[in-house]
Structure formats: structure tokens, C-alpha cells
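Participant: Next input, structure requested:
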Amino acid sequence: MGTDIRPLIGVTADTTMDGLHRVHQAGEKYLASIVHGANAIPVIIPSLPVALNSQDILEQLDGLLVTGGYSNIEPWRYGGAPAGPDAHEDAQRDNTTLQLIPDAIELGIPLLGICRGFQEMNVAFGGTLHQKLHETGQYQEHREDKKAPLDVQYGPAHPVVIEPGGILAAIAGTGEQMVNTVHMQGIDRLGEGLKIEACAPDGLVEAISVQNSKNFALAVQWHPEYKVSENLFSMTIYQAFAEACRTRHYQRFHRHQ
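Facilitator: The predicted structure follows:
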């Protein structure tokens, strides 16, 4: 498959308020990672109050990137206790992504989930989350120092152990890889039909894939999009995602000839 093909990859959007107006946005680092890590064209998918038909959207795309974000998934969506008045949630994003993810899997659209997107994949398959890892007493500190420079926040923080026989092992080999850690929540119960791809030394699941998926379907808790072209492990993930997207582009293009 030629690397000159530039697939069209959908990027999920967060919603936030700009004054009295709700806006839809995706972080530049995610958009840039599609361009520089996958040699593809990013297009932002809005998270409208009434979600667009996800299958109509996905039919036009060659891949789907489910991004990280500052908001957390509404706990009621996985049977969790209310998060409290200080919770930062984004119901419109939840409505959109929790529909996009299973539909992408069903249609065989290559999918890469990052941080919140990793957690959304788990919830979409019936899994649950720890809302505050640091309060469980089971895990090391996974939150970043928000006062530190970005290169420190997103710098290598801990290793992950890659499980043999999975997608990550196939593209990056087994053993350990250093990753960053910029999250407060994490997987409690693994969703049905998901496979553990990597874990942190404290046992926290850090990467998952969809068993028996028709195409590339991987999600990671860390942030490979940050300066993707400067990290070989991150580039390995993006290049594998990109190759699946190029194949999808070729098949989609020729289907409509």
C-alpha cells in the first residue's frame, strides 16, 4: 500500500463554552499527530446535542481517532456513583463517542483511542472506571503536575509491560516501553470482548484492543500524540494505525469506482 495515499481520519471533539456560546474543539496536538504521525488528513467530528448518525459519518472516513480531553465520562454511563458538583463532564461528547466507537468496530473502521478515548472504549464495551485512582490506595500517582512545563507533564513517567500475542506486541515487540502519564481515572473492570495489551508496574491496565475486530482497534491510556515524530514507540503505533487507514481508503475508493 503506497504511503502517498492520505487517508481521511475523523477526530472526536470536546465541547466547551466560549462566553455564552458552546464550541466544538480538538487539541492541536491530536490534529498535528494525524498529519505528522499518520500522513493523513484530520477532520473534526462535532459532538452535537443530538448526535449525528455515526454510521453516516464513518462511511465517509478511513479511520477514527478518539482523543483525550479534560472532561470525564459521566459516571452513570458505567454505573458509577455521581462525581460531585466539581466534576468536569461533557455529556455531548459522551453521546457522540459512545455511539461512534461500537459503530466503528462494527463497520471495520480503524480506530485509535487515547486517554479519555481509551476509557470511552472500555465503557462502550460495558466496562467500569476508577474515578480517582489516587484515592484507591492501589496505584502509583498517574496525574501530571499541572504547574510543570508541558515537556515535563508529557515526559516519560513509567514503563508499561506489553502483553505477548497482541497488537502492540506485533508492532512494537514485547517487553517494556516508557510512556507518559497524564490521567486521574483508569479502568476498574475491563469491558467484555476487550483484550489487555499492556499494564503499568502497579497493575493498572494501560492499553486495550478489541478481540476479533475486523480492523485495527487499539486504545492507550498514555499520550502518544504528544510530539509523536520524536518518539519511536509513538510513531510505531501511529504508523500501524495509518497503514490500516490507507488500506481502508483504498478499499473505499475502489468500492465507489
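Participant: How about the secondary structure of Asp86?
Facilitator: Three-state call for Asp86 (DSSP: H, G, I helix; E, B strand; the rest coil): coil.
Participant: mind checking how far it is from Pro110?
Facilitator: 36 Å (C-beta to C-beta, to the nearest Å). (Glycine included, C-beta is placed from N, CA and C.)
Participant: Show me what Lys195 is bridged to.
Facilitator: Judged by DSSP bridges, the bridge partners of Lys195 are Ser209.
Participant: so it touches Val210, yeah?
Facilitator: Yes: using C-beta atoms under 8 Å, Lys195 is in contact with Val210, at 7.4 Å.
Participant: Looking at these two, which is more packed in?
Facilitator: Val210 (24 against 18; other C-beta atoms under 10 Å).
Participant: contacting residues for that one?
Facilitator: By C-beta atoms under 8 Å, 6 or more residues apart in numbering, the contact list for Val210 reads 105, 111, 121, 125, 193-195, 217.
Participant: same thing but 6 Å
Facilitator: 105, 217 (C-beta atoms under 6 Å, 6 or more residues apart in numbering).
Participant: Next: the one 10 residues further on.
Facilitator: Contacts here follow C-beta under 6 Å, 6+ apart; on that basis Val220 touches 118, 207.
Participant: hmm, 10 Å instead?
Facilitator: For Val220, the contact set (C-beta atoms under 10 Å, 6 or more residues apart in numbering) comprises 68, 112-115, 117-118, 121, 160, 168, 179, 197-198, 206-209, 234, 237.
Participant: picking that back up, now the common contact residues for Lys195 and Val210.
Facilitator: 167, 217-218.
Participant: Go ahead and flag the most central residue of the chain.
Facilitator: When C-alpha atoms, centre = their mean is applied to the chain, the residue found nearest the centroid is Gly113 (1.7 Å).
Participant: Relative to Gly186, which of the shared contacts of Lys195 and Val210 is nearest.
Facilitator: Leu218 (16.8 Å; C-beta to C-beta).
Participant: Quickly find the element holding that closest one.
Facilitator: Using DSSP states H and E, Leu218 maps to strand 217-220.
Participant: Would you give the sheet partners of that strand, along with the direction of each?
Facilitator: strand 111-114 (parallel), strand 205-210 (antiparallel).
Participant: Mind putting these into JSON lines with distance to Pro49?
Facilitator: Formatted as JSON lines, the strands paired with strand 217-220 follow (distance: least, C-beta to C-beta, whole Å):
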{"stretch": "strand 111-114", "distance to Pro49": "23"}
{"stretch": "strand 205-210", "distance to Pro49": "28"}
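Participant: ok, back up a step: now do the contacts for the residue nearest to the centre of the chain.
Facilitator: 12, 64-68, 97, 101, 104, 119-122, 124, 207-209, 217-221.
Participant: same deal with Glu141?
Facilitator: So Glu141 contacts 133-134, 157-158, 181, 184, 202 (C-beta under 10 Å, 6+ apart).
Participant: out of those, who has the most neighbours?
Facilitator: Most surrounded of the contacts of Glu141: other C-beta under 10 Å gives Thr181, at 24 neighbours.
Participant: so what's it closest to, chain neighbours aside?
Facilitator: Excluding its sequence neighbours, the residue lying closest to Thr181 (C-beta to C-beta, 6 or more residues apart in numbering) is Ala157, at 4.1 Å.
Participant: Dihedrals phi and psi, that neighbour?
Facilitator: phi -120, psi -40 (degrees, to the nearest 10).
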